[in-house]
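Undergrad: Prediction below, plus the sequence it came from.
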2 protein chains.
Amino acid sequence: MIKLDFKKSGGLIPAIAQDYKSGEILMLAYMNPAALNATLSTGKATYYSRSRQTLWVKGETSGKLQLVKEIRIDCDDDTVLLKVEQLGEAACHTGHRSCFFKKIEDGVIRIVGEPVFDPKEVYK
Amino acid sequence: MIKLDFKKSGGLIPAIAQDYKSGEILMLAYMNPAALNATLSTGKATYYSRSRQTLWVKGETSGKLQLVKEIRIDCDDDTVLLKVEQLGEAACHTGHRSCFFKKIEDGVIRIVGEPVFDPKEVYK
């Protein structure tokens, strides 16, 4: 049984999803112990949705699952790093490959890159 | 003025530090608005220390500063990604280059890699 420090942050710890080949950071979401256990047992990235307050198998609606290739944890056991294979090209609900498609530059926020799918087509 | 969603998580948002060349994830820490502003104005990664409850210029004690090369934010403006040049080889206070030096494998936690400095020599 893997025990992480969920108490420090009130029950949820951040989990970073990183493309296992390119190293690109795809997204950050949160896990409770059940989400971590589901991720470990199924091999599919499973988070805890703060807005819906329920377990959330990433891609269960869109089909854009994340297959977990490796799991790292940090020095003080309160952050998870998932190295994943992102199915369906993109992790972000906006259609961008990565959720980190906004860049702070010269004091303003600029969009970087183009969406790879149309959210209206995927989330009907 | 860059406005992020600090409210959702009670005032602090996670900030990922990633090596700007290799893509390696070095650490995750937290920012409040003052930490973000200090990072933007100085170019040195500045976080909010939850344990010490104060602004924390990463590397101020060890000399292992993080020079910020690029700042990304995510789709819903509640996570920061810093692409940094890590001075002094390592980000982790344990002496490892990355804080994510533990791997979950076959249900147990294994250490990956060796420290690149001796913490006893650095934090006197």
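TA: Looks like it arrived, so ask away. Residues are numbered from 1 along each chain as shown, chains lettered A, B, ... in the order given.

Undergrad: In chain A, which residue sits nearest chain B?
TA: Residue nearest to chain B within chain A (CB to the nearest CB): A:G23, separated by 2.8 Å. Every residue, glycine included, has its C-beta placed from N, CA and C.

Undergrad: Contacts only, for that residue.
TA: By CB atoms under 8 Å, 6 or more residues apart in numbering or on different chains, the contact set of A:G23 is B:22-24.

Undergrad: so it sits in a strand?
TA: No. Counting by DSSP: H, G, I helix; E, B strand; the rest coil, A:G23 is not found in a strand; it is coil.

Undergrad: Does anything pack onto the helix or strand harbouring A:I16? Which helices or strands?
TA: Assigned by DSSP states H and E, A:I16 falls within strand A:13-19. Using 3 or more CB pairs under 8 Å, 6 or more residues apart in numbering or on different chains; DSSP states H and E as the contact test, the elements touching strand A:13-19 are strand A:25-31, strand A:80-86, strand B:25-31.

Undergrad: Nearest to A:I109, out of those?
TA: Taking CB to CB, strand B:25-31 is the member of the helices and strands packed on strand A:13-19 nearest to A:I109, at 15.8 Å.

Undergrad: name the helices or strands packed onto that closest one?
TA: Using 3+ CB pairs under 8 Å, 6+ apart, strand B:25-31 sits against strand A:13-19, strand B:13-19, strand B:46-49, strand B:80-86.

Undergrad: how about a cut-off of 7 Å?
TA: Helices and strands touching strand B:25-31, by 3 or more CB pairs under 7 Å, 6 or more residues apart in numbering or on different chains; DSSP states H and E, are strand A:13-19, strand B:13-19, strand B:46-49.

Undergrad: Now the shortest one: buried residues?
TA: I take that to be strand B:46-49. Within strand B:46-49, the residues that count as buried by 16 or more other CB atoms under 10 Å in any protein chain shown are B:46-48.

Undergrad: quick one, what contacts A:V122?
TA: Neighbouring residues of A:V122 by CB atoms under 7 Å, 6 or more residues apart in numbering or on different chains: A:S62.

Undergrad: re the thing from before, and the strand holding A:I16, which residues are buried?
TA: A:13-19.

Undergrad: Using the three-state scheme, assign the nearest residue to A:T94 once chain neighbours are set aside.
TA: Once flanking residues are discounted, A:T94 sits nearest to B:C75: 5.3 Å by CB to CB, 6 or more residues apart in numbering or on different chains. Secondary structure, three-state DSSP: B:C75 is coil.

Undergrad: likewise A:T39?
TA: Three-state call for A:T39 (three-state DSSP): helix.

Undergrad: Can you get me a residue count around it?
TA: Counted by other CB atoms under 10 Å in any protein chain shown, the residues lying close to A:T39 total 25.

Undergrad: The residue nearest to it when sequence neighbours are not counted and A:K58, how far apart?
TA: Spatial nearest neighbour of A:T39, excluding adjacent residues (CB to CB, 6+ apart): A:T46 at 4.7 Å. According to CB to CB, to the nearest Å, A:T46 and A:K58 sit 7 Å apart.

Undergrad: and what of A:K102?
TA: From A:K102 across to A:K58, the span is 20 Å (CB to CB).

Undergrad: So the two - more neighbours on which side?
TA: A:K58 (25 against 20).

Undergrad: For A:I2, grab the count of nearby residues.
TA: Neighbourhood size, A:I2 [other CB under 10 Å]: 15.
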